[in-house]
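Enquirer: need a structure here:
(one chain, ligands or ions: 1)
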Amino acid sequence: MIIIVGTGAGGGILAYELAKNKIPVTILEKGPYIDSKDAFNYYDKYSEDVDLLTTTCIGGATIVSMSNMVRALDEELLEYDVDLTEAYEYVEQLVGVHQLDDSHIGKGTQAFLDAGRELGLTTLKMPKAIREEDCIQCGRCAFGCPVNAKWSGKDFVDMAIEAGAELICDAEVIEVLSENNNATGVKYIKNNNEKIISADTVVLAAGAIGSTLILRKSGIEEAGRQLFFDPFVSVGGYLKDVNFNTEVQMAGLVIGENFVLSPHFSSFIRANIPDDSVADGDILSIMVKTPDECRGYVDDEGDVVKINTIHDIRFLAEGTATAGFILERAGVDPSTIGSTVYRGAHPGGTAPIGKIVDSNQQTEIEGLYVSDASVLPISPGKPPILTILALSKRLADYLINK
Ligand SMILES: Cc1cc2nc3c(=O)[nH]c(=O)nc-3n(C[C@H](O)[C@H](O)[C@H](O)COP(=O)(O)OP(=O)(O)OC[C@H]3O[C@@H](n4cnc5c(N)ncnc54)[C@H](O)[C@@H]3O)c2cc1C
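Expert: Down below sits the predicted model:
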């Protein structure tokens, strides 16, 4: 039997692929099983001092994601003998990655795309896993899709259960048990009771911070001593009646050398503009996301600490300036352009391939694997879900063949 801890980007697909191949699987998830439309109630902050969010519920952070799906770190992973080419192709087909039909590109997104192209930037529609026929274009992807038009890790968990997997929710895994350096099961807490399940194979997919805490408790002390978090800000200003706030979010993409930009509504931008008559529908804003150096860590209390380097700030400044040019070209009043505070988008790199796990994602404990954002060796500076899905698909194939 294989135990999978966590049901987000890494855990869901792994459970499905294994169950589909008749391998007995038990999935343990710390949060509850919920409807996707209720996901916004399950946002969690990793730390008081660092602005970094997740959701603790079925599907993990994928349930509030924009379903942006881009390949990342292909070249870098090859250095660790990890070739994701086939896995990417498989996963892209499975979740239906495509650029949205023009019927789902709103006025604000189109203005972003036109401005990016006019400025000679590499500009495209964002590859996504959203079904246009179901999508009501409400702009609420980050709250949890009200009509299940968007792929999330929950879809794979449901498919895994149908294929025979067992799911235990509201179960917080504390530790992986081992004997003579071989995994023997996990200890978890449910309804305030400590419980144990035995298995010789355990895959942690509890996210970069969740997996770190479990690894440390299980004797792998080096986990979480480094961390990236893909910093971002949103930059925006006043564009009367653009009504971008109700469009499909992040449906456009500009790829720079050191940043990516994508149109993304932030109500904080409106709060920056002193004129009270400015409404949410009058704001066009752009998310600026950059790769950062692995200079953060998870401290002994489990809090995230992030150190910003000159390199991190320089990339963010470059992206922010470019976003300003796009906004101005798109018709935004330049005197109103401002930015949100600096936040983290995707924590990862806490159990990197080549250091904490080998190229098969196995730790120094035989039978204990990690398959989530933890294993990424460096910051992708881009949406990481597709890469995590591909890594888990590759691990599923490895475990099936084993
Ligand atoms: C608002 C928002 C929008 C985003 N949009 C995108 C996007 O469009 N595209 C993209 O690529 N990325 C996006 N991301 C980032 C992406 O969702 C994450 O990087 C990705 O989900 C990480 O996958 P994971 O498997 O590492 O962890 P998660 O998906 O977070 O899954 C971890 C799971 O483990 C569970 N867990 C944690 N601790 C324990 C424990 N001790 N015991 C049992 N279970 C545990 C959690 O509850 C959770 O279900 C977004 C993130 C946010 C917050």
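Enquirer: what's the spacing between Gly296 and Ser234?
Expert: 21 Å (CB to CB, to the nearest Å). Where you see a C-beta, it was placed from the backbone N, CA and C, and this is true even at glycine.
Enquirer: typed the wrong thing, it's Gly12
Expert: For Gly12, the distance to Ser234 - CB to CB - is 28 Å.
Enquirer: between those two, tell me which one has more neighbours.
Expert: Taking neighbours as other CB atoms under 10 Å, Gly12 and Ser234 compare with Gly12 leading, 31 against 25.
Enquirer: quick one: contacts for Met66?
Expert: 126, 128, 141-142, 150, 249-250, 264, 383 (CB atoms under 8 Å, 6 or more residues apart in numbering).
Enquirer: at 7 Å instead, please
Expert: 141-142, 249-250 (CB atoms under 7 Å, 6 or more residues apart in numbering).
Enquirer: out of those residues, which touch the ligand?
Expert: Ala142 (CB under 6 Å from any ligand atom).
Enquirer: which residue, other than its chain neighbours, is closest to Asp303?
Expert: Leaving out its chain neighbours, the residue that sits closest to Asp303 by CB to CB, 6 or more residues apart in numbering is Ser47, at 4.4 Å.
Enquirer: please give the element, helix or strand, for the one you found.
Expert: Using DSSP states H and E, Ser47 falls within no helix or strand.
Enquirer: count of neighbours near it?
Expert: 19.
Enquirer: hang on, the earlier thing: farthest-apart pair in the contacts of Met66, please.
Expert: Largest separation among those by CB to CB: Ala142 and Met250, giving 9.3 Å.
Enquirer: and stretch 108-125, how far out from the chain's middle?
Expert: 24 Å (CA atoms, centre = their mean, to the nearest Å).
Enquirer: mind listing what's buried along it?
Expert: Buried residues in stretch 108-125, counting neighbours by 16 or more other CB atoms under 10 Å, are found at 108-116, 123, 125.
Enquirer: just the ones in strands from those residues, please.
Expert: 123, 125 (DSSP state E).
Enquirer: what about Ala142 and Met250, which has more around it?
Expert: It is Met250, of Ala142 and Met250, that has more neighbours when counted by other CB under 10 Å, with 25 against 19.
Enquirer: now do the more buried one, the pLDDT please.
Expert: What the model reports as pLDDT for Met250 is 97.
Enquirer: which residue packs closest to Pro352, ignoring adjacent ones?
Expert: Using CB to CB, 6+ apart, the nearest residue to Pro352 is Pro377, at 4.5 Å.
Enquirer: am I right that the one you found sits in a helix?
Expert: No: using DSSP: H, G, I helix; E, B strand; the rest coil, the assignment for Pro377 is coil, not a helix.
Enquirer: test my guess that it contacts Thr350.
Expert: No: Pro377 lies out of contact with Thr350 (CB atoms under 7 Å); the separation is 11.1 Å.
Enquirer: of these two, who's got more company?
Expert: Using other CB under 10 Å as the criterion, Pro377 and Thr350 rank with Thr350 on top: 34 against 19.
Enquirer: got a list of what Glu17 touches?
Expert: Applying CB under 7 Å, 6+ apart, the residues contacting Glu17 are 393, 396.
Enquirer: I'd like the next helix or strand past the host helix or strand of it.
Expert: Applying DSSP H and E as the criterion places Glu17 in helix 9-20. Toward the C-terminus, helix 9-20 is succeeded by strand 25-28 as the next helix or strand (DSSP H and E).
Enquirer: for that next one, the distance to its chain's centre please.
Expert: Relative to where its chain is centred, strand 25-28 has its mean C-alpha point 21 Å off (CA atoms, centre = their mean).
Enquirer: tell me the mean pLDDT over it?
Expert: 98.
Enquirer: what does stretch 254-261 give?
Expert: Mean predicted lDDT for stretch 254-261 stands at 96.
Enquirer: what about it, near the ligand?
Expert: No: figure legend: stretch 254-261 not in contact with the ligand (CB under 6 Å from any ligand atom); closest approach 11.1 Å.
Enquirer: may I have that stretch as PDB, with CA atoms only?
Expert: What follows is stretch 254-261, C-alpha atoms only, in PDB (Å, rounded to 0.1, in the frame of the first residue of the first chain):
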ATOM      1  CA  VAL A 254       4.200  38.600 -21.100                       C
ATOM      2  CA  ILE A 255       7.500  36.700 -20.700                       C
ATOM      3  CA  GLY A 256      10.500  38.800 -19.900                       C
ATOM      4  CA  GLU A 257      14.000  37.500 -19.300                       C
ATOM      5  CA  ASN A 258      13.700  38.000 -15.500                       C
ATOM      6  CA  PHE A 259      10.000  38.200 -14.900                       C
ATOM      7  CA  VAL A 260       6.500  37.300 -16.100                       C
ATOM      8  CA  LEU A 261       3.600  39.700 -16.300                       C
END
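Enquirer: got the residues of this protein near the ligand?
Expert: Near the ligand, when you scan the chain using CB under 6 Å from any ligand atom, you find 5-10, 28-31, 53-54, 56, 60-62, 64-68, 142, 153, 172-173, 205-208, 210, 214, 346, 372-373, 383-385, 388.
Enquirer: so among the residues you listed, which ones count as buried?
Expert: 5-10, 28-31, 54, 56, 60-62, 64-68, 142, 153, 172-173, 205-208, 210, 214, 346, 372-373, 383-385, 388.
Enquirer: can you pull out the helices in the stretch 151-300 of the chain?
Expert: Taking DSSP state H, counting those that start in this stretch to define them, one finds helices in the stretch 151-300 of the chain at 153-162, 207-217, 267-272.
Enquirer: so what secondary structure elements neighbour the first one?
Expert: What it means is helix 153-162. Helix 153-162 is packed against helix 9-20, strand 25-28, with contacts defined by 3 or more CB pairs under 7 Å, 6 or more residues apart in numbering; DSSP states H and E.
Enquirer: now swap in the last one and tell me
Expert: Secondary-structure packing of helix 267-272 (3+ CB pairs under 7 Å, 6+ apart): strand 231-238, strand 283-289.
Enquirer: thank you, goodbye.
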